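Enquirer: Sequence first, then the predicted structure, then my questions.
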Amino acid sequence: MNQTVICPGSFDPVTLGHLDIITRASRMFDKVLVAVLVNSSKRPTFSTEERIELLREATKELPNVEIVSFEGLLAEYCKKSGIGTIVKGLRAVSDFEYEFQMAIANKKLNPQLETIFLTADADSTFLSSSMVREICSMGGDIGNFVPACVHDRIVRKLCQS
Ligand code: ADP
């Protein structure tokens, strides 16, 4: 079966934790759509275009990964695009409750939609985009937290803001 899955998120900015989940999903499925959430009520640090560009650069070695953006309900986007599987990373018990609720809500909205969870890599269970933003804006080294090929762009942007 030719299976396309979707990895949704804010990716503000992409971290090594995100890249780990995307890479593992790309080995398990035929195609992975990485979907950047455009949330007009929130003001992300990186614009939608910047988040997409950073993800494209970070995943350029993965031929079956495509970066897209979406606005509104993920369940609707999946229905329109004919996607039946969401892949998400689970870092800790703290992620679980929210993700569990989201998975059930998405299934109520779109009964064809399944959510699969991959456990975070042991080295990135603590890692989030907000942590990267905070450490970097205070002058800390984020070399171990973001993909090397986009490190300098992320630092430049976070130094400006
Ligand atoms: P955050 O802003 O918390 O970093 P996102 O909304 O961008 O998260 O996350 C998108 C997806 O990536 C979610 O499924 C989330 O659980 C997963 N994810 C985020 N950080 C990590 C990590 N360090 N390890 C594994 N999965 C992660």
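Expert: Sure, I can see it. Residues are numbered from 1 along each chain as shown.
Enquirer: residues from this structure in reach of the ligand?
Expert: 9-11, 15, 17-18, 21, 88-89, 91, 95, 120, 124, 127-130 (Cβ under 6 Å from any ligand atom). Where you see a C-beta, it was placed from the backbone N, CA and C, and this is true even at glycine.
Enquirer: let's go with 8 Å and repeat that
Expert: 7-12, 14-18, 20-21, 37, 87-91, 95, 99, 118, 120-121, 124-131 (Cβ under 8 Å from any ligand atom).
Enquirer: In strands, which of these fall?
Expert: Counted as lying in strands by DSSP state E, out of the residues of the chain next to the ligand, are 7-9, 37, 87-90, 118.
Enquirer: The residues of the chain next to the ligand, buried ones only, as a ChimeraX selection?
Expert: Selection command for ChimeraX covering only the buried members of these, criterion 16 or more other Cβ atoms under 10 Å:
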select :7,8,9,10,11,12,14,15,16,17,18,20,21,37,87,88,89,90,91,95,99,118,120,121,124,127,128,129
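Enquirer: Longest helix in this structure, please.
Expert: In terms of residue count, the longest helix belonging to the chain (DSSP state H) is helix 93-109.
Enquirer: Ser40: neighbour count?
Expert: Close neighbours of Ser40, defined as other Cβ atoms under 10 Å, add up to 7.
Enquirer: Secondary structure element for it, which one?
Expert: Taking DSSP states H and E as the definition, Ser40 sits outside all helices and strands.
Enquirer: circling back: so which pair among the ones in strands among the residues of the chain next to the ligand is furthest apart in space?
Expert: Farthest apart among those by Cβ to Cβ are Leu37 and Leu118. That separation is 18.8 Å.
Enquirer: about what we covered before: return the longest helix of the chain as CSV; C-alpha atoms alone will do.
Expert: C-alpha atoms of helix 93-109 as CSV (Å, rounded to 0.1, in the frame of the first residue of the first chain):
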residue,chain,number,x,y,z
VAL,A,93,4.1,11.9,30.0
SER,A,94,3.4,15.6,29.9
ASP,A,95,2.8,15.4,26.1
PHE,A,96,0.6,12.4,26.4
GLU,A,97,-2.6,14.0,27.8
TYR,A,98,-2.8,16.7,25.2
GLU,A,99,-1.9,14.4,22.3
PHE,A,100,-4.4,11.8,23.5
GLN,A,101,-7.2,14.4,23.4
MET,A,102,-6.1,15.7,20.0
ALA,A,103,-6.0,12.2,18.5
ILE,A,104,-9.5,11.5,19.7
ALA,A,105,-10.8,14.9,18.6
ASN,A,106,-9.3,14.4,15.2
LYS,A,107,-10.9,11.0,14.9
LYS,A,108,-14.3,12.4,15.8
LEU,A,109,-13.9,15.0,13.1
